[in-house]
Each structure stands twice: as C-alpha cells, then as structure tokens.
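> Let's see this in three dimensions:
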Amino acid sequence: MAGHVGPVGWDSQRWIEVFTRQAALFREAVDQADLETGVPSCPGWTFAELVVDVAAFLELAGDYLRTGSLLQLPPPARVAGADPVAYLDAQLAATGAALAATPADSPVWTPSPASPDQAWVWHRRLAHRMNLRRWDAQAALRTLVPTDTDQAVDGIDEVLGTLLAIKYATDVAPEAGGTAVVRCTDAPAAWHVRFVPGVAAEVRAAEPGEPADAEVTGPATSVYYGLWRRDELPATGQDKVRWALRLDGRAA
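Alright, predicted model coming up:
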C-alpha cells in the first residue's frame, strides 16, 4: 500500500473491521446513556453533542469516499432539531457501505500533507476516530473495554506520521525545534520525531537507544491515549517538545 508506513499487517480490510467493531460498541454506549449526560473527556459536551460530532464526521468522510473528490469538501450542514441518534444511525449505515465499496487505492482528497490522496487514509482515520469516540462514551459511563495493543500501535503511527502534519499545517507551529523518541514497551515499535519551526514534523523509525530532547515510553495504549489527552502521557524531557506531540482531544 503506497504511502503506508505503519505496522505490518494493517490494511483497509482490517481498518474496516476495527471501524465496524468500534461503531457497534459506540452505539451500545449511546443506548445506555442519557443524551444530556456530560462527557468528561470532551469538556462542555453532552452525549447528544458527542453523537452529532461522530455522525457529522461519518457524513463528511463518507462523502469523500462516495464522490472521490480531489478537492476539500465543506463540512455537512447541521439540521436544527434533528434527532441525534437517528442521524448517527443513518451515517453509520451509509459510511459502512461506502467503506466496503471503496478500494484502498482509490484517489480522493485527504487532510494531511504527509499522506497520499488515497481512500485507505480515510479507512484508517475512520477506524481510529471511532475507537477514540467509543472510548469517550464508555469512559463517561465507566464501562471501558481495553484496546488491543496492535490497534494502539497503528493509532500512534497515524498520530505521528499523519495527524501531526495536519496540526502544524493549521495551527501555530512549535515555538522551537527539538526531537522526541516514542517507544512502546509492549510492542516492537519506536518513532523518532523531529520538530522544525514552520514545517511539518519529520517522522522515521527510531534506532535502539537513540537519544532525544524528550522521550515517551510506555504501553502502547497509554502512549496512544496520552497523545490524544485521554491519559497522562508517559513522557520525560523538554516540555515544549512533549507538548508538541499531543493533539487536541476534542478535534479527534
């Protein structure tokens, strides 16, 4: 798969399987929740807002897969007074069908300057976004189920290799340059990240024992959810580099 440098064994079929499983878990959590209940990991949001956020992202991603647009599409219009759960159900069905119908190498616009304009990028993004929103919902209900280590490793690879480039293409660039090494203690996975003011982070495989200005070392799930601000990031070293690794938890 051109452009994919993540863990061996991951492909569109596996991402679709993850999406399907995580979508089912998210939908179960929604059934168990009062839509006015708050979601602590997304400050200020209720379950209703979480559901609408998920459904709107599904609609947007599905539009890319269905149309094969090579240009950035506008976000879907929000319909005032619409039933959030009905909206979610419609988009789960439509996007699931679009995922299954779109070959991995189909050309389509993607949001990161670090990834190719191919459909597998959306397959991957949908799988991991659904996992994170499932985590948000289950954490609010105190019904969390564990995430597989290899799924977390692929999620870390997406954050570092794809999503950081979006962050620094749209947000204020890191104040200063620096390097970070991210290592999983329960999987043979390690990344070296070099931040340069004004450009996308440079990401490659880390060498054993390679030094850096900041180090992140821990179980894959702790690292993954720490990068998304769902957990404490097991990091040491320069603060400015450690914080540069983390993404906006609500803009997952």
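
> can you pull out the strands in the chain?
178-184, 190-195, 202-205, 214-218, 235-237 (DSSP state E).

> check contacts around Arg204.
Residues in contact with Arg204, defined by Cβ atoms under 8 Å, 6 or more residues apart in numbering, are Trp191, His192. Quick note: C-beta positions are derived from backbone N, CA and C, even for glycine.

> bridging residues for it?
His192 (DSSP bridges).

> From here on, call the first residue 2.
Got it, first residue is 2 now, which makes that one Arg205.

> Dump the strands of the chain to TSV, plus mean pLDDT and distance to Val40.
Below are the strands of the chain laid out as TSV (pLDDT from 0 to 100; distance: least, Cβ to Cβ, whole Å):
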stretch	mean pLDDT	distance to Val40
strand 179-185	96	27
strand 191-196	95	29
strand 203-206	94	30
strand 215-219	97	25
strand 236-238	93	25
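
> Which among these is found nearest to Val122?
strand 203-206 (15.3 Å; Cβ to Cβ).

> Can you check which of the strands of the chain gets nearest to Asp137?
strand 215-219 (20.8 Å).

> Buried ones in that closest one, by neighbour count?
Ala215, Glu216, Val217, Gly219 (16 or more other Cβ atoms under 10 Å).

> From Val197, how far off is the third one?
Right, Val217. Distance, Val217 to Val197, by Cβ to Cβ, to the nearest Å: 19 Å.

> ditto for Arg125
25 Å.

> Which one's more surrounded, the two?
Arg125 (29 against 14; other Cβ atoms under 10 Å).

> So for the more buried one, what's the nearest residue that isn't a sequence neighbour?
Of all residues not flanking Arg125 in the chain, Trp16 sits nearest, at 5.1 Å (Cβ to Cβ, 6 or more residues apart in numbering).

> Give me the neighbour count for the one you found.
Neighbour number of Trp16 under other Cβ under 10 Å is 25.

> dump the residue contacts of it.
Trp121, His124, Arg125, Leu127, Ala128.

> And Gly10, by the same measure?
Asp151.

> lowest average confidence, helix or strand, in the protein?
helix 165-171 (a mean of 82; mean pLDDT, DSSP states H and E).

> From Pro75, how far out is the residue nearest to Arg125?
Trp16 is 25 Å from Pro75, where distance means Cβ to Cβ.

> helices and strands around the longest helix anywhere in the chain, which ones?
Longest helix in the chain, counting residues (DSSP state H): helix 120-142. Contacts defined by 3 or more Cβ pairs under 8 Å, 6 or more residues apart in numbering; DSSP states H and E place helix 120-142 against helix 13-33, helix 48-68, helix 85-102, helix 150-159.

> Lovely, talk soon.
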